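S.K.: sequence-free structure coming up:
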């Protein structure tokens, strides 16, 4: 009997790394075949997607291009990491700023923009992580990258000593750094800014309502077919087609998208296929 495969959508707590969450799930489920998609910084909480056994091969194909966050930015201070995990220094009194001031300063960061990632990021520079270069004393300035910020809304502001805390709702494309939004907002207002809280509430079709808090018992897995339906179109196969998929053969039917999940007669996700000519060919066979 094969080991169960599927996804676990975890509500990651603050103060642990994504890799530590993987380690804990390995112990709970008794398997080392667990991986994750979409790393969260230790400070951040919220949606972290983990694949178990065969579902680890599905992770790289999931549609995880758009994400939602709730964030808190502190204006009046800055840090070299652009978040509260770095050495925070006071920059300027921000208590005179209004919500309207903040909203206006955010406008250049809305839509299709060029964003400079935080220097303390996992982006590689000449084969070495940017954060490792910063920690070794290098002055790293990363190139701007195109990202899309489809929603950047001020939910509220409140004083915090000589600083101003700003709560934001963010919807953005993969590759967007919310820490950079905090940094650039502080720069635009001339008072400095850094991220003090970040909660991811959605990646692609996987939301916080699907997430579980890891306890002492193994969590329930989201089946691979259900996981696929949240990411891309799926089609149901005949017995003969399912046999062809098991051998990695092409199919005589055109699937609707690249990729499309193909479901066997027993309801299992067998593979991902893409259109090719008058039929379709495998992208990844999962059985």
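M.R.: Thanks, I have it. Quick caveat, the model's predicted, so the values are computed rather than measured. Numbers count the residues shown, from 1 in each chain.
S.K.: Could you look up the SS state of residue 152?
M.R.: strand (DSSP: H, G, I helix; E, B strand; the rest coil).
S.K.: How many residues are close by it?
M.R.: Neighbour count of residue 152, defined by other Cβ atoms under 10 Å: 21. C-betas here are computed from N, CA, C, even on glycine.
S.K.: mind checking how far it is from residue 209?
M.R.: Residue 152 is 23 Å from residue 209, where distance means Cβ to Cβ, to the nearest Å.
S.K.: Ok, residue 78 next?
M.R.: Residue 78 is 35 Å from residue 209, by Cβ to Cβ.
S.K.: more crowded one of the two?
M.R.: Taking other Cβ under 10 Å, residue 78 and residue 209 do not tie; residue 78 has more neighbours (23 against 9).
S.K.: and the more buried one, what are its bridge partners?
M.R.: residue 89 (DSSP bridges).
S.K.: Hmm, it is touching residue 190, no?
M.R.: No. Residue 78 lies out of contact with residue 190 (Cβ atoms under 8 Å); the separation is 11.3 Å.
S.K.: dump the residue contacts of residue 272.
M.R.: 58, 61, 228, 232, 259-262, 282-284, 286 (Cβ atoms under 8 Å, 6 or more residues apart in numbering).
S.K.: swap in residue 195?
M.R.: 43, 71-74, 82-84, 178-179, 182.
S.K.: pLDDT score for it?
M.R.: Residue 195 is assigned 97 on the pLDDT scale.
S.K.: now residue 104
M.R.: At residue 104, the model reports a pLDDT of 98.
S.K.: now do residue 2
M.R.: For residue 2, the model assigns a pLDDT of 67.
S.K.: and what of residue 231?
M.R.: 92.
S.K.: gap between the two ends of stretch 124-132?
M.R.: 9 Å (Cα to Cα, to the nearest Å).
S.K.: can you give me the mean pLDDT across that stretch?
M.R.: On average, the pLDDT along stretch 124-132 is 84.
S.K.: what's it in contact with?
M.R.: 117, 119-123, 133, 140, 142.
S.K.: In contact with residue 86, which residues?
M.R.: 79-80, 120, 194.
S.K.: Which members of those are classed as buried?
M.R.: By neighbour count, with 16 or more other Cβ atoms under 10 Å, those hold 79, 120, 194 as buried.
S.K.: I figured the first one hits residue 193, correct?
M.R.: Read it as residue 79. No. The pair residue 79 / residue 193 is not scored as a contact, 9.5 Å apart, by Cβ under 8 Å.
S.K.: what about the residue nearest the centre of the chain, distance to residue 46?
M.R.: Centroid-nearest residue in the chain, with Cα atoms, centre = their mean: residue 38, separated by 3.8 Å. Per Cβ to Cβ, residue 38 is found 10 Å from residue 46.
S.K.: who touches both of those two?
M.R.: residue 200.
S.K.: which residues touch residue 41?
M.R.: Neighbours of residue 41 in contact, by Cβ under 8 Å, 6+ apart: 83, 85, 198.
S.K.: Is it possible to get CSV of the contacts of residue 195 that adds pLDDT?
M.R.: Output for the contacts of residue 195, formatted as CSV (pLDDT from 0 to 100):
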residue, pLDDT
43, 91
71, 98
72, 98
73, 98
74, 98
82, 92
83, 91
84, 91
178, 96
179, 95
182, 98
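S.K.: re earlier: distance to residue 26 added to the buried ones among the contacts of residue 86, as CSV?
M.R.: Formatted as CSV, these follow (distance: Cβ to Cβ, whole Å):
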residue, distance to residue 26
79, 33
120, 28
194, 33
